[in-house]
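1. Kindly generate the corresponding structure for this input.
(2 chains, ligands or ions: 2)
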Amino acid sequence: MKTYDSLIIGGGPAGLAAAIRLSERGYEPLIIESRDRLGGIPLQCIHPGFGIYYFHEDLTGPEFSYRLISRVEELGIEYVTEAYVEEIVNESMVSKKAKLITPRGSMIVEGKTLIYAAGARERTRYELGITGPNVAGIYTAGEAQTMMDMYGIMPGRRIVIVGSGDVGLIMARRFVLEGAEVLAVLEILSYPSGLTRNIVQCLRDYNIPLLLRHTVKEIRARNGRVSSIVVTEVDEKLEPIPGSEYVIDCDTLIIAAGLRPRVKLLKKLGVRIDPRTHGPLVNDWLETIDVPGVFVAGNSLLINDYADYAAEQGEWAADSAIEYIENNGLPTTPLHRIVPGRNIRLVVPQYVTGLRDTWLYLRVSEPLENLQLVFPELGRRIPLLYALPSVMVKLRLKREEIVRAGEEIVVEAEPR
Amino acid sequence: MRVVVIGAGVTGLSTARLLTRYRGVDVVVVERNPDVGWGVSKANTSIIHPCHEEDPDKHPLRTKLCLEGHNTWYRWVRELDIDARWPGEIIIATSREEYRVLKHYHRLAMRNGVPGVRIIDRDELLRIEPSVNPDSVAGLYAPSAGTIDPVGACIALAENIVDNGGRILFNTEVRDVVVRDRRVRGVKTSRGFIEADIVVNAAGLYADIISRMAGINDYNIHPRRGQYILYDRMAEPKPDKIIHTAPTPKTKGVYIVKTVENTLLIGPTAEDLPPDMRDATYPTREGIEYILRNASKIISRLPPRSLVIRMFAGLRPEPSTGTFILRFHEDPWGFVEATGIRSPGLTAAPGIARYIIDLIKEHVDLVEKEKWNPFRRGIRRVKELGLTERNKLIREDPRYGRIICKCMGVSEAEIVEAVERMRKIGVEEITFDGVKFRVHAMYGRCQGTFCRPEISLILSRLTGKPPWMMRFKDHGSFYGVGEVKDLFRRG
Ligand SMILES: Cc1cc2nc3c(=O)[nH]c(=O)nc-3n(C[C@H](O)[C@H](O)[C@H](O)COP(=O)(O)OP(=O)(O)OC[C@H]3O[C@@H](n4cnc5c(N)ncnc54)[C@H](O)[C@@H]3O)c2cc1C
Ligand SMILES: Cc1cc2nc3c(=O)[nH]c(=O)nc-3n(C[C@H](O)[C@H](O)[C@H](O)COP(=O)(O)OP(=O)(O)OC[C@H]3O[C@@H](n4cnc5c(N)ncnc54)[C@H](O)[C@@H]3O)c2cc1C
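-> Numbers count the residues shown, from 1 in each chain, chains lettered A, B, ... in the order given. Ligands and ions are numbered 1, 2, ... in the order given. Model (predicted):
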């Protein structure tokens, strides 16, 4: 059996970028993709807004992915599609195996390292606690998008969307462009969770109402399909305000309530999950702290605003994998834990080695203006004009700063 | 002789299966839904009860049939290849009063002859089932309790009925029972008249309405709702044994069940609804809160909400008589009732079926066929095969290697076989739910979010209808409203 330098689980932006980097540096990866083609989620995002950071060009989703795919083809990188990964096995420090089922047979493949880039899954209505009948007309944004853009199925005529993240906003516009009516976008928080550019370009330009502090109280159905929903306003504790309910007649409810890293296979491998990111705990090699030689990138690591970040993390993981292969493992050093303090929702990586400079991705917990990010242990303050939970903040920590700190490095956001 | 059985739930199908054993009996099951098991039999706790919760003084027949059914299921699940597990169950007492309840059921267990039932103290309880709430006082352990896939059971029964010469008519609603000269002559349905010598009413929630059509008017049925919350396989903690809160006069308590699919089911509620709410099979916020509150009394901690994969509800057909109604009427002659089949109707079904056959035998001579096939095999699951077997299968048919449902690991070939099997038993409308219940695609973590579009395409190829016209269930439950751009064309 052939041993690849790296098994890459997932052929989206993160996985493709990782494979390209490995191959360009003379290593041999195998991309394992569960769908029938490479490309990942951008394939079904037929709008622009991709590639501004990574390619310095505004591309549509498919254009973004096709650029990566053609490079993969050029380099002659091996890949398998329609491959279902049943299990990942950590055979030894330098042997990771994946059990696959494909139309060409069931097989086991081996790599010295493994880069996990399987993207994210969507939260469903059940996870949000939306009760009511189980009928037709209730879809997640991703399912609706796949129906429309890949299978030519129109999900509904009169649509209400739950969640004002970028996915919800972009889908609102997509529905209108296909001739449907979007009656409202509901957001339980008091501020939208998507980028401002999307609020303007997707809702305001099409006169779609955004109802902040609103949620679905009840779904009603007739003849096997959604017939209306009862909407309610919520208070500060996000509890429904009695008497504030009203009915919206609609035939479709779209759940766009956010993504969660897809980590089932990692969990089975014994990787611990960060309750804040819902992704794995990693160090600044993007290596899981529980299973050496397993690296994670893209939306499996944390939910990214842009495919560009996912691709960047893919390269990062690839460079780390090469380091790992060359040295039969990465150096063992004490880890410094990055502790999300006041007003910080999440930070990745959660641990840093202090062996080198590192990027840090973080999100604030609520919208803030005129703030500063403070690292008390490092004596560092970074002033920012504003910060939104929907906009990931990316910053660099220097090796010298890190080694000066103790076991914990707190980061918090406070008014200036 | 023709016997028409009204209702393709577990009661009607069990009865029909036994009827196919007899020579010269034309068995016709009439069902208004597009598929089997979509009534009460679909949404329940799916426990095969040990029967130590049945009071032989109050309900002697029910107790007897529950015990008989329990014992028969061991054989049926093997004959029919139905998913089942037999982990045993524990009633958890959290107070002195509840401890007295345990004693009561322990006495019933001894009277009913339920094997192995004993009271276990806190230490043993926590040793047997470490995920139980440590504040618990004691438990009543009944090692014979099991759980089966209830819709899977209906499907298996249906396939076996058809293999043995019986028929099932779907999308056929009984609108009247025709009686002439104090004898049943048949049923009027939405698709015309069906002649019959004997009519068995096994219409679940609607059985009182059917009885009234035959002039029987001495009982009513009202729905008692039970809501559930289902967690992903990854849920922790996941007790291996079935555990539940102490029963009350009205219910058997809130259960925590590791299902045959290895998911975690918690419920039900017990809400009495008015008779006109027989379609209120939906969960409510209050109901879900009730379940969680009660479940948290007996488990060390509840799994996080992020692992909830579905919420649903079923309706128990509660008869005004409080117990099963099993009768062969002389007037009108040939009208048979297997009604009021409330809990533990799933457990009792094989017993009920045997009892109904005996009632019929008291009135007509039934002679067993020389050849009758008790066996039925389930759909082959590629995931459960070894590597060599798998590769052989995939070489013959690459669709076995195309895993469509990633959560449950279901291949295209299995979905295709599900459709073939639906057709074989007479299902006319190929639905997502029909596929789901047969091969468990769309049954996992993402509830079909990822694979349903692909499945709609597979079903479209098999049925010749466009993907948007695929339905979840019945009526207007179409996947989409048309093709993309149709809204412009049709305005
Ligand atoms: C509606 C919508 C609009 C968006 N708009 C923008 C935008 O305008 N600009 C932008 O930059 N970004 C946008 N994004 C975000 C962008 O799509 C993601 O950030 C990016 O796709 C993440 O890349 P990834 O490689 O981590 O994951 P994915 O793209 O999800 O790729 C993961 C791949 O792994 C495969 N996979 C999953 N599990 C397995 C397994 N077990 N085995 C094998 N393969 C597996 C999947 O099939 C998939 O191909 C949008 C996303 C959505 C949903
Ligand atoms: C919440 C809940 C929990 C339960 N838990 C358990 C348990 O753990 N263990 C246990 O043993 N039992 C349990 N039960 C009881 C068990 O589920 C039922 O007793 C059993 O499923 C009843 O089956 P049935 O075939 O009689 O009814 P159904 O499954 O309802 O079948 C009747 C069929 O008749 C059809 N029909 C009705 N009217 C017409 C018409 N006019 N024309 C044609 N067809 C018609 C319906 O469509 C339906 O398919 C529970 C029940 C509920 C609701």
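2. I'd like the average pLDDT over the helix or strand harbouring residue B:458.
-> Element membership of residue B:458 [criterion: DSSP states H and E] is helix B:452-463. Average pLDDT, helix B:452-463: 97.
3. quick one: contacts of that helix?
-> Contacts to helix B:452-463, defined as Cβ atoms under 8 Å, 6 or more residues apart in numbering or on different chains, come from residues A:143, A:146-147, A:150-151, A:153, B:404-405, B:412, B:415-416, B:419, B:430, B:432, B:435, B:441-442, B:448, B:465-470, B:479. C-beta coordinates here come from the backbone N, C-alpha and C atoms, glycine included.
4. Next, count neighbours for residue 93.
-> No chain specified, so I'll use chain A. 13 (other Cβ atoms under 10 Å in any protein chain shown).
5. Oops, wrong one, chain B.
-> Residue B:93: 24 surrounding residues under other Cβ under 10 Å.
6. how about it, what does it touch?
-> Shown in contact with residue B:93 (Cβ under 8 Å, 6+ apart): B:99, B:101, B:102, B:136, B:137, B:138, B:139, B:140, B:246.
7. And for residue A:371?
-> Residue A:371 is in contact with A:343, A:364, A:383, A:384, A:386, A:387, A:413, A:414, A:415, A:416, counting by Cβ under 8 Å, 6+ apart.
8. doesn't residue A:368 make contact with the first one?
-> Yes: the pair residue A:343 / residue A:368 is scored as a contact, 6.5 Å apart, by Cβ atoms under 8 Å.
9. what do the two both touch?
-> Both residue A:343 and residue A:368 are contacted by residue A:413, under the criterion Cβ under 8 Å, 6+ apart.
10. could you point out the longest helix in chain B?
-> helix B:60-80 (DSSP state H).
11. circling back: the helix holding residue B:458: how far from the chain's middle?
-> Relative to the centre of its chain, helix B:452-463 is centred 26 Å away, using Cα atoms, centre = their mean, to the nearest Å.
12. Does the next helix or strand after that helix reach chain A?
-> Note on helix B:452-463: by DSSP H and E, the next helix or strand toward the C-terminus is strand B:482-483. Yes: applying Cβ under 8 Å from any Cβ of the partner chain, one finds strand B:482-483 touching chain A at B:482, B:483.
13. Which strands border strand B:482-483, and is each parallel or antiparallel?
-> With DSSP bridges as the test, strand B:482-483 is paired with strand A:153-154 (antiparallel).
14. any idea which helix or strand carries residue B:228?
-> Element membership of residue B:228, judged by DSSP H and E, is strand B:221-231.
15. Separate out the buried members of the contacts of helix B:452-463.
-> Buried residues within the contacts of helix B:452-463, counting neighbours by 16 or more other Cβ atoms under 10 Å in any protein chain shown: A:143, A:146-147, A:151, A:153, B:404-405, B:412, B:415-416, B:419, B:430, B:432, B:435, B:441-442, B:448, B:466-470, B:479.
16. Please name the nearest non-neighbouring residue to residue A:209.
-> Spatial nearest neighbour of residue A:209, chain neighbours left out: residue A:184 (5.0 Å); criterion: Cβ to Cβ, 6 or more residues apart in numbering or on different chains.
17. Provide the backbone phi and psi angles at that neighbour.
-> Dihedral pair for residue A:184: phi -170, psi 150, per degrees, to the nearest 10.
18. I figured it hits residue A:248, correct?
-> Yes: taking Cβ under 8 Å as the definition, residue A:184 is a contact partner of residue A:248 at 6.4 Å.
19. Please identify which of those two sits among more neighbours.
-> Per other Cβ under 10 Å, whichever of residue A:184 and residue A:248 has more neighbours is residue A:184, with 20 against 16.
20. Now do the same contact list for the more buried one.
-> Residue A:184 neighbours (Cβ under 8 Å, 6+ apart): A:160, A:161, A:208, A:209, A:210, A:211, A:214, A:231, A:248.
21. hmm, 10 Å instead?
-> Residues near residue A:184 by Cβ atoms under 10 Å, 6 or more residues apart in numbering or on different chains: A:159-162, A:172, A:203, A:208-211, A:214, A:229, A:231, A:248, A:250.
22. what about the helices in the stretch 151-300 of chain A?
-> Ranges of helices in the stretch 151-300 of chain A, per DSSP state H, counting those that start in this stretch, are A:166-177, A:196-198, A:264-268.
23. if we can go back for a sec, anything in contact with each of residue A:184 and residue A:248?
-> Common contacts of residue A:184 and residue A:248 (Cβ under 10 Å, 6+ apart): A:160, A:211, A:229, A:231.
24. Dump these to JSON lines, plus pLDDT, distance to chain B and neighbour count.
-> Shown next, in JSON lines, are the shared contacts of residue A:184 and residue A:248 (pLDDT from 0 to 100; distance: Cβ to the nearest Cβ, whole Å; neighbours: other Cβ atoms under 10 Å in any protein chain shown):
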{"residue": "A:160", "pLDDT": "98", "distance to chain B": "15", "neighbour count": "25"}
{"residue": "A:211", "pLDDT": "97", "distance to chain B": "20", "neighbour count": "17"}
{"residue": "A:229", "pLDDT": "97", "distance to chain B": "13", "neighbour count": "26"}
{"residue": "A:231", "pLDDT": "97", "distance to chain B": "14", "neighbour count": "22"}
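25. Can you tell me which of the contacts of residue B:93 comes closest to chain A?
-> residue B:246 (26.4 Å; Cβ to the nearest Cβ).
26. how far away is that closest one from residue B:294?
-> 10 Å (Cβ to Cβ, to the nearest Å).
27. out of those two, which sits in the more crowded spot?
-> residue B:246 (23 against 18).
28. right, is the longest strand seen in chain A up against ligand 1?
-> Counting by DSSP state E, the longest strand found in chain A is strand A:105-116. No: Strand A:105-116 does not reach ligand 1 (Cβ under 6 Å from any ligand atom); its nearest approach is 8.7 Å.
29. before we move on, back to that, please indicate which of the contacts of residue A:371 are buried?
-> Among these, the ones that count as buried by 16+ other Cβ under 10 Å are A:343, A:364, A:384, A:387, A:413.
30. ok, which pair from those is furthest apart?
-> Across these, no pair lies farther apart than A:343 and A:384, at 11.6 Å, counting by Cβ to Cβ.
31. what is in contact with the two at once?
-> Shared contacts of residue A:343 and residue A:384, defined by Cβ under 10 Å, 6+ apart, are found at A:364, A:368, A:371, A:373, A:413.
32. just checking, residue A:250 touches residue A:221?
-> No: taking contacts as Cβ atoms under 10 Å, residue A:250 lies outside contact range of residue A:221: 11.3 Å.
33. Overlap of the contact sets of the two?
-> A:137, A:227, A:228, A:229.
34. Among those residues, which lie within strands?
-> Per DSSP E, the shared contacts of residue A:250 and residue A:221 map to strands at A:227, A:228, A:229.
35. which one among these gets closest to ligand 2?
-> For those, the minimum distance to ligand 2 (Cβ to the nearest ligand atom) is 22.0 Å, reached by residue A:227.
36. Neighbours of the closest one, how many?
-> Residue A:227 has 19 neighbouring residues, counting by other Cβ under 10 Å.
37. What pLDDT is listed against it?
-> 97.
38. From the contact counts, what lies against the helix-or-strand element of chain B with minimal mean pLDDT?
-> The weakest-scoring helix or strand in chain B, judged by mean pLDDT, DSSP states H and E, is helix B:486-490 (a mean of 77). Secondary-structure packing of helix B:486-490 (3 or more Cβ pairs under 10 Å, 6 or more residues apart in numbering or on different chains; DSSP states H and E): strand A:153-154, strand B:482-483.
39. Highest average neighbour count across these: which stretch is it?
-> Highest mean neighbour count among the helices and strands packed on helix B:486-490 (mean count of other Cβ atoms under 10 Å in any protein chain shown): strand A:153-154, with a mean of 26.
40. pLDDT averaged over that one - what is it?
-> Confidence for strand A:153-154, expressed as mean pLDDT, is 97.
41. quick one: contacts of that strand?
-> Here strand A:153-154 has contacts from A:143-144, A:146-148, A:175, A:178-180, A:252, B:452-453, B:456-457, B:460, B:466-470, B:478-487, using Cβ under 10 Å, 6+ apart.
42. Please consider this matter closed, and thank you.
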